[in-house]
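Undergrad: build me a model:
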Amino acid sequence: MKPFDPSKTLEDLTGLHVGDPEAAETPLAAWVIRSWKKPLCELSDDEIGRLVTQRDGFPYILDLVWPKLENDPLFDGGYYPGDVLSSLIRCDLQVWATRPNYRAQLALLYQRALGRNAEENDAFRASLDLPSEGLAIS
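TA: Got it, this is the predicted structure:
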């Protein structure tokens with residue numbers, strides 16, 4: 001994994017120009033475009049989480065969100081507690097090509113999330129179609 005400069009934007013790091021947020025077709029698209037134009041070090045937790053749930057800005061956003069997930073596997077990306085982890089669990093394998101160490105840690109984060117009390121992890125369980133109790137995935 002190559003270190004990157006967090007004072008740069010996703011546009012700077014990828015070389016992609018995403019356009020004008022005012023010309024976006026939807027409010028969500030405008031929001032994503034604005035996030036791409038902000039220096040990574042200025043992105044809020046909500047912006048980082050929502051980029052993950054939109055599966056956008058990888059692999060750089062993975063590097064920003066991972067410490068947050070290690071601290072709290074039910075990190076809330078703006079939708080519900082655990083939305084970010086749920087989204088990452090369902091990502092295509094190609095997402096992990098440049099960050100295999102993160103993929104290797106998913107099972108542990110998943111178990112930690114399931115180990116939390118039901119009031120904290122009910123939305124996370126529902127997002128993965130898990131029963132309200134138990135640790136097994138059917």
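Undergrad: the closest residue to Y80 other than its chain neighbours and S86, how far apart?
TA: Distances taken as Cβ to Cβ, 6 or more residues apart in numbering put A123 closest to Y80, at 3.8 Å, once the chain neighbours are dropped. Just so you know, the C-beta spots here come from the backbone N, C-alpha and C atoms, and that holds for glycine as well. Taking Cβ to Cβ, to the nearest Å as the measure, A123 falls 9 Å from S86.
Undergrad: between the two, who's got more neighbours?
TA: Counting neighbours by other Cβ atoms under 10 Å for A123 and for S86 shows that S86 has the greater number, 22 against 15.
Undergrad: surely that one and A126 touch.
TA: No - the criterion here is Cβ atoms under 8 Å, and S86 misses it with A126 at 9.2 Å.
Undergrad: hang on, the earlier thing: residues touching the residue nearest to Y80, list them.
TA: Y80, P81, G82, D83 (Cβ atoms under 8 Å, 6 or more residues apart in numbering).
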